[in-house]
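Asks: prediction below, plus the sequence it came from.
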Amino acid sequence: MARIQIEGLSKHFQDGDETVVAVEDLNLDVEDGEFVVFVGPSGCGKTTTLRCVAGLEDPTMGTIQIADDVVNDEPPEDRDIAMVFQSYALYPHMTVRENMSFGLEHSTDLTGDDIERKIQETAEMMGIEELLDRVPADLSGGQQQRVALGRAIVRDPKVFLMDEPLSNLDAKLRAEMRTYLQQLQEDIDVTTVYVTHDQTEAMTMGDKIAILNDGELQQYGTPAECYHEPENTFVAQFLGEPSINLVEMDVQNGTMSAGTFEYQLDGRLADAVDADSAVVGIRPEALTVSTGNSESDTAFTGTVAVVEHLGRESNIHIELDGIDVELTVIVDGRPSLSVDDSVSVHVPPEAMHVFDSHTGKVLR
Ligand code: ATP
């Protein structure tokens, strides 16, 4: 097992006359045995960071340590890592057994019997022992991905690096493999960095998640911390489906207001909000809806625009009175609301996230 320390990592590419900043001043530690997910939109620098850790890219600046050794100058094969990619990258003409043993024959510490035993043990753990004599073309996508994982595990690496390993699988298989990978991680406990653009994978699999945007780290913490205590509007919007509601508020004499909503800032917020506007974020599940116009100050009034029935819950989209904002509210089961109903949307003050309207940073 091994800790990974990334310090001041930047990677710039030259594209003709232009410099592309793929990663900028990234700092984070992955502890021994931790499963960390790098997540963010396309082009945010996830893969480049992973490739720097793997030794497939040279950092422009910064250091990478694996097990307390600076590895910047070590080639990938000396870093004791195993990578699993989106494309399974199995050798098509080799059987599963040969794919798994490939490269291990050159290990000076392992006899042929050792290798066979390790393959057998890993194949049992992965549930692929029946497949050892087949070639990749005779396997399903999910089976091929298990073989690719098995091939990584059998090497006993210090670190696993995985780049979107499940994105070629259909939704059902992806969900199965997600659970499977989580169990596997608990069993073998190897430090893992996992890259995905899928927030569900990040939220369900990561001990911690690193949310990246435009090459910069936006937040690093447990999935619950990032979801419930987002540090900026980017993180708040990136996590959660349907997305968090963001409403621009006027701030006058310690009171925030928008449309029919009014809230007297107190304590920590009164000190933190020192501009004449702020952005308030409220998760759709934190809001409640009632019919008619509420007298409460901490409620918006509006009109139901769309009702989406999802079975266990429904999403209600509400156009607010007086301001050009549509709120989404999640309600349990089958609501008795219909399009064009006049409603009030109640905001529990403790559910509000308040952000600086210029920088997007949370105000505490
Ligand atoms: P995706 O989810 O789409 O794979 P990503 O978050 O993994 O995206 P990267 O592949 O790390 O993003 O790319 C980050 C940025 O660096 C992008 O703007 C990309 O175009 C650029 N980039 C990556 N590799 C190169 C390269 N070899 N030459 C030039 N630019 C590159």
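Replies: Nice, I can see it. Everything quoted here is computed from the prediction, not taken from an experiment.

Asks: now for the closest residue to the ligand within the stretch 101-250 of the chain, how many residues are close by?
Replies: Nearest residue of the stretch 101-250 of the chain to the ligand: residue 197, at 4.8 Å (C-beta to the nearest ligand atom). (Each C-beta comes from the backbone N, C-alpha and C, glycine too.) A count of nearby residues for residue 197, using other C-beta atoms under 10 Å, gives 16.

Asks: thought it was touching residue 43?
Replies: No. The criterion here is C-beta atoms under 8 Å, and residue 197 misses it with residue 43 at 9.7 Å.

Asks: list the buried residues in the helix of greatest length in the chain.
Replies: Counting residues, the longest helix in the chain under DSSP state H turns out to be helix 171-188. Neighbour counts over helix 171-188 (16 or more other C-beta atoms under 10 Å) mark 173-174, 177-178, 180-181, 184-185 as buried.

Asks: who are the contact partners of residue 183?
Replies: Counting by C-beta atoms under 8 Å, 6 or more residues apart in numbering, residue 183 makes contact with nothing.

Asks: what score does it have for pLDDT?
Replies: On pLDDT, residue 183 comes in at 84.

Asks: what's around residue 261, how many residues?
Replies: So residue 261, with other C-beta under 10 Å, has 23 neighbours.

Asks: just grab the bridge partners of the closest residue to it other than its chain neighbours for me.
Replies: Spatial nearest neighbour of residue 261, chain neighbours left out: residue 300 (5.0 Å); criterion: C-beta to C-beta, 6 or more residues apart in numbering. For residue 300, the residues forming beta bridges with it (DSSP bridges) are residue 345.

Asks: so what's residue 300 up against?
Replies: For residue 300, the contact set (C-beta under 8 Å, 6+ apart) comprises 258-261, 318, 320-321, 327, 344-345, 347.

Asks: please spell out the PyMOL selection for the buried subset of the residues you listed.
Replies: Applying 16+ other C-beta under 10 Å to the contacts of residue 300 leaves a buried subset, and the PyMOL line that selects it is:
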select buried, resi 258+259+260+261+318+320+327+344+345+347
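
Asks: tabulate the contacts of residue 300 in JSON lines, adding columns for pLDDT and distance to residue 128.
Replies: As requested, the contacts of residue 300 are arranged in JSON lines below (pLDDT from 0 to 100; distance: C-beta to C-beta, whole Å):
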{"residue": "258", "pLDDT": "94", "distance to residue 128": "56"}
{"residue": "259", "pLDDT": "90", "distance to residue 128": "58"}
{"residue": "260", "pLDDT": "89", "distance to residue 128": "60"}
{"residue": "261", "pLDDT": "93", "distance to residue 128": "57"}
{"residue": "318", "pLDDT": "97", "distance to residue 128": "50"}
{"residue": "320", "pLDDT": "95", "distance to residue 128": "54"}
{"residue": "321", "pLDDT": "93", "distance to residue 128": "60"}
{"residue": "327", "pLDDT": "97", "distance to residue 128": "48"}
{"residue": "344", "pLDDT": "95", "distance to residue 128": "56"}
{"residue": "345", "pLDDT": "96", "distance to residue 128": "51"}
{"residue": "347", "pLDDT": "95", "distance to residue 128": "51"}
